[in-house]
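[1] Okay, sequence plus prediction incoming.
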Amino acid sequence: MTGTCNPADNWVKDTFYTPWIKGTLPADFAFIPSLPKDNPHNSQDYQDALDRMPPQFKKRYVEGNWDYVDDSNALFPNHVIDRMLVENLPKSGLKTIGVDVSREGSDKTVFSLFIGDTLSDLLEPDVDRTDKAPISDLIADELILYMKKNEVGYQQVWIDAVGNGGGVVDSMRRRGYYVNSFKSGEKTTDLHEDGTPKYDMLRSERYYKMAQAGQQGTLKIWKHVPFLEDLRRDLLAHTYEVTDKQFIVESKSKMKKRLGRSPDFSDAVVMGWRGAVPEGANEISTGGSWDDLYKDSDEDF
């Protein structure tokens with residue numbers, strides 16, 4: 001059987017293109033790139049016109065790089081992601097951690113670490129799910145080790161508190177680490193002048209503002225961060241629409257169908273990004289009393 005298609009972030013890419021790039025394509029499969037330069041009937045004028053197209057179009061259709069699959073309504077176009085990449089880590093800055101907790105199936109638990117405005121690390125903790133201890137406690141154990149290793153206090157940790165993440169938040173707080181909960185479905189407090197919400201939910205607000213920060217150069221990604229290509233795919237998968245004066249990011253359920261998994265890496269990043277941290281939250285602490293934290297907090301624990 002022979003099939004043809006244009007580059008897309010779908011099952012064809014997962015089954016054929018990516019294994020071909022990595023040199024792991026099974027022997028009974030073949031991927032044959034067909035580029036404009038391979039067509040002897042294309043005129044030089046046509047080739048020159050293609051070379052003048054925008055970089056992301058040229059990368060995708062002229063050079064055959066399937067990782068450049070920018071959509072007209074992509075929240076994080078490839079050229080923006082490329083601009084976000086930096087060679088060096090900052091020597092100082094507020095450290096923050098975001099935690100996306102796996103729910104089921106192929107979902108992953110991912111920790112993100114920021115130093116100032118730069119994503120410096122992504123970690124998928126090694127948690128033994130066959131252990132008799134509750135999974136939430138095991139993830140909390142790994143998170144505490146990660147916090148201590150990177151000298152990050154609980155006030156700078158944000159955990160997805162929807163689903164299984166709520167158990168991790170509870171486990172951390174029982175041990176005296178009063179971390180922050182992140183509930184993506186909450187209502188946004190960013191309003192238009194007439195009082196209507198600018199976004200359909202908190203998740204859309206955070207992703208939009210993170211995308212804006214990336215375009216403006218105030219959000220950076222260390223180019224040697226682990227799982228960089230997984231993160232790139234997650235970011236590329238996010239599309240948006242504007243309706244009734246609201247900015248709406250595509251639902252995770254729809255993205256999961258295209259990605260074949262949940263966007264766990266980018267979700268951890270959007271929670272760990274400094275834009276989700278209140279101004280002035282810069283105290284480094286590894287534990288503390290309930291009363292000491294609660295007296296300065298408006299959060300309903």
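    Here it is on my side, so go on.
[2] all contacts plus neighbour counts: C-alpha atoms, from now on.
    Fine.
[3] ranges for the helices of the chain?
    Per DSSP state H, the chain carries helices over the ranges 11-12, 18-22, 44-51, 55-57, 78-84, 135-150, 165-174, 202-216, 228-236, 252-259, 264-272, 290-294.
[4] mean confidence score for the fourth one?
    What it means is helix 55-57. In this model, helix 55-57 has a mean pLDDT of 61.
[5] The first one too?
    Helix 11-12 shows an average pLDDT of 86 in the prediction.
[6] Would you check that residue 117 makes contact with residue 274?
    Yes - under the criterion of Cα atoms under 8 Å, residue 117 makes contact with residue 274 at 6.6 Å.
[7] Could you check which of those two has the larger neighbour count?
    residue 274 (25 against 22; other Cα atoms under 10 Å).
[8] Look up how far residue 118 lies from the more buried one.
    When Cα to Cα, to the nearest Å is applied, the distance between residue 274 and residue 118 equals 9 Å.
[9] about what we covered before: what's the most buried one of the helices of the chain?
    Using mean count of other Cα atoms under 10 Å, the stretch among the helices of the chain with the largest mean neighbour count is helix 264-272, at a mean of 26.
[10] what comes into contact with it?
    Where contact means Cα atoms under 8 Å, 6 or more residues apart in numbering, the residues beyond helix 264-272 that reach it are 96-100, 102, 107-114, 119, 122, 157-160, 182, 206-207, 210, 230-231, 234-235, 276.
[11] Domain map for this structure?
    Following automatic domain parsing, the chain resolves into domains at 11-69, 81-294.
[12] Same list, these, but as JSON lines with distance to residue 5 please.
    Conversion of the domains of the chain to JSON lines gives the following (distance: least, Cα to Cα, whole Å):
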{"stretch": "domain 11-69", "distance to residue 5": "9"}
{"stretch": "domain 81-294", "distance to residue 5": "16"}
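[13] What's the PyMOL syntax to select whichever of the contacts of helix 264-272 are buried?
    In PyMOL, this line selects whichever of these come out buried by 16 or more other Cα atoms under 10 Å:
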select buried, resi 96+97+98+99+100+102+107+108+109+110+111+112+113+114+119+122+157+158+159+160+182+206+207+210+231+234+235+276
